[in-house]
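In: using only what follows, build the 3D model:
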Amino acid sequence: MKKSLLIPAALFLFLPLLINAQTPENSESSVKYPQFQFKGLLQARYLESSGKNVDVMGVHHSTGEAVQSSFDIKRMRVGANTKLSEAAEVVILVNLADFKSDSKGKVLENAYAKYTFNKYIALIGGQFRPAFGIEELVPVDIIKSFDFSNQYYEFGKNGWTSFQIGASASGAFEIGKIPIDYAFSVLNGNGKNQEMDKDNGKQYSSRLVFGLSKKHKINLGLNSGIGKVFKEKVFAFGADITSDFKLTDQFTFDLQIEYKQGTNSNLYFSLPPANRTPDVDDYQMRGIYFLPNLRYVINYKKLTALEFSCRYESFDSNYKVDSNVRETYTPMISLEFGKAYTGRIEMGLQIDDFDRNIPDTSTYDNTLFIIQFQCRL
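Out: Next up, the predicted model:
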């Protein structure tokens, strides 16, 4: 079967679920549509680099002229969710902070329509974050660290994660007593805000999440993907596990572990033909991270909780041909104000250690001190 037929075939398997979809309990006649929900997020930061001749963006300067302290607006997001009916919705999200630099291919993040038939299947079309790991399913404003991992952004450059244009089917079902969430996606694979696909190839990905323990919220996720980029076959796969343990009424401990590996076609095609091997499979990336987080609920006046986390990540963007492992440690303390991170003050470090430093690039050892203020509505 051709890959272009995989997604329609998968949808056909779920056709009986659509036909047998039950009528929602709340009839639309009693609810007025459309309904609008507006959202916003501000993340402002102070950055200070302590690396020798390394600026706050992590770039080494052999001349010594590096900006090593700066205030920054990381994100200024504005979004709207519009419920057209009980089953249909349209989601829009923009990041106005992207205007501070070249905004081409930026700013617009989410722009998709979703139709939910029942719990078994929902369809999405437009620009969205396809399900291919833990981080793709969590908004950046409620993650347990300053930002997403290095592997998240690198796999995004290769069309598997971050904001992509395409279509997806997702839902949930049970096998025995085990709940399972699934998602199938077909994507252009060349990032957000593109006029058209860069070639005729598409990238197909899938994700399954198995609920292993309801009490401790232990979930096992499996990801896989195949596709073509400029007629070259590419792949990606990964596995992840999450857990959330309530130690006492005030203390909770949660843990995320995620591994990914795949073709680094973005790197392969960025090199001149004379400077690369003839086989795209020689260029592969892989990474793993551990993110433990301890939460202490205070509820004292306006202070809701304290959180302590320290993510460790090992990532190599080209481990077969030119290996240069990047190890990143991100210890952080967070003060939460209000519910669901309405207000948040974070302080900590991002410590990067490369096997091999490359002068005048961002591939250079550095320690970055960060204070980040977050406000969401």
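
In: from the contact counts, what lies against the longest strand that the chain contains?
Out: Of all the segments of type strand in the chain, defined by DSSP state E, the longest one is strand 284-300. Judged by 3 or more CB pairs under 8 Å, 6 or more residues apart in numbering; DSSP states H and E, the packing partners of strand 284-300 are helix 150-157, strand 251-263, strand 303-316. C-beta coordinates here come from the backbone N, C-alpha and C atoms, glycine included.

In: quick check: which element contains residue 266?
Out: helix 265-270 (DSSP states H and E).

In: and that helix, which residues are buried?
Out: Under the neighbour-count criterion of 16 or more other CB atoms under 10 Å, helix 265-270 has 265, 266, 267, 268 buried.

In: now, which of those sits nearest residue 194?
Out: The shortest approach to residue 194 among the buried residues of helix 265-270 belongs to residue 266, at 13.9 Å (CB to CB).

In: find the nearest non-adjacent residue to the closest one, please.
Out: Once its chain neighbours are removed from consideration, residue 266 has its nearest residue in residue 157; the separation is 4.5 Å (CB to CB, 6 or more residues apart in numbering).

In: the one you found is in contact with residue 268, isn't it?
Out: No. Counting by CB atoms under 8 Å, no contact exists between residue 157 and residue 268, whose distance comes to 11.6 Å.

In: and the residue nearest to residue 121 when sequence neighbours are not counted, how many neighbours?
Out: In this structure, residue 121 finds its nearest non-sequential neighbour in residue 171, 4.3 Å apart by CB to CB, 6+ apart. Using other CB atoms under 10 Å, residue 171 is surrounded by 19 other residues.

In: surely residue 171 meets residue 115?
Out: No. Contact criterion CB under 8 Å: residue 171 and residue 115 do not qualify, at 11.9 Å.

In: what residues do those two have in common as contacts?
Out: Common contacts of residue 171 and residue 115, defined by CB atoms under 8 Å, 6 or more residues apart in numbering, comprise residue 122.

In: can you tell me which of the helices and strands packed on strand 284-300 is most buried?
Out: With neighbours defined as mean count of other CB atoms under 10 Å, those peak in mean count at helix 150-157, which reaches a mean of 22.

In: give the rounded mean pLDDT of it.
Out: Within the predicted structure, the mean pLDDT of helix 150-157 is 96.

In: alpha carbons of that helix, as PDB, please.
Out: Output for helix 150-157, consisting of C-alpha atoms alone and laid out as PDB, is shown next (Å, rounded to 0.1, in the frame of the first residue of the first chain):
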ATOM      1  CA  ASN A 150      17.100  20.500  22.400                       C
ATOM      2  CA  GLN A 151      15.700  17.400  20.700                       C
ATOM      3  CA  TYR A 152      12.200  19.000  20.400                       C
ATOM      4  CA  TYR A 153      13.600  21.800  18.400                       C
ATOM      5  CA  GLU A 154      15.900  19.700  16.200                       C
ATOM      6  CA  PHE A 155      13.100  17.200  15.400                       C
ATOM      7  CA  GLY A 156      10.900  20.200  14.600                       C
ATOM      8  CA  LYS A 157      13.500  21.400  12.000                       C
END
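
In: how big is the angle separating that helix from strand 303-316?
Out: Here the directions of helix 150-157 and strand 303-316 differ by 70 degrees (axes from the mean of the first three to the mean of the last three CA atoms, to 10 degrees).

In: got the contact list for helix 150-157?
Out: Contacts with helix 150-157, where a contact means CB under 8 Å, 6+ apart, come from 132-133, 135-136, 161-163, 191, 236, 258, 260, 262, 264, 266, 285, 287, 289, 313, 315, 317, 326, 328.

In: what number of residues lie near residue 98?
Out: A count of nearby residues for residue 98, using other CB under 10 Å, gives 19.

In: assign a three-state SS to the nearest residue to it once chain neighbours are set aside, would you?
Out: Computed as CB to CB, 6+ apart, the closest residue to residue 98 that is not its neighbour in sequence is residue 106, at 3.7 Å. Under DSSP: H, G, I helix; E, B strand; the rest coil, the three-state class of residue 106 is coil.

In: SS state for the residue nearest the centre of the chain?
Out: Among the residues of the chain, residue 136 comes closest to the average C-alpha position under CA atoms, centre = their mean, at 3.3 Å. At residue 136 the chain is in helix, as set by three-state DSSP.

In: roughly how far does it sit from residue 158?
Out: Counting by CB to CB, to the nearest Å, the separation of residue 136 from residue 158 is 14 Å.
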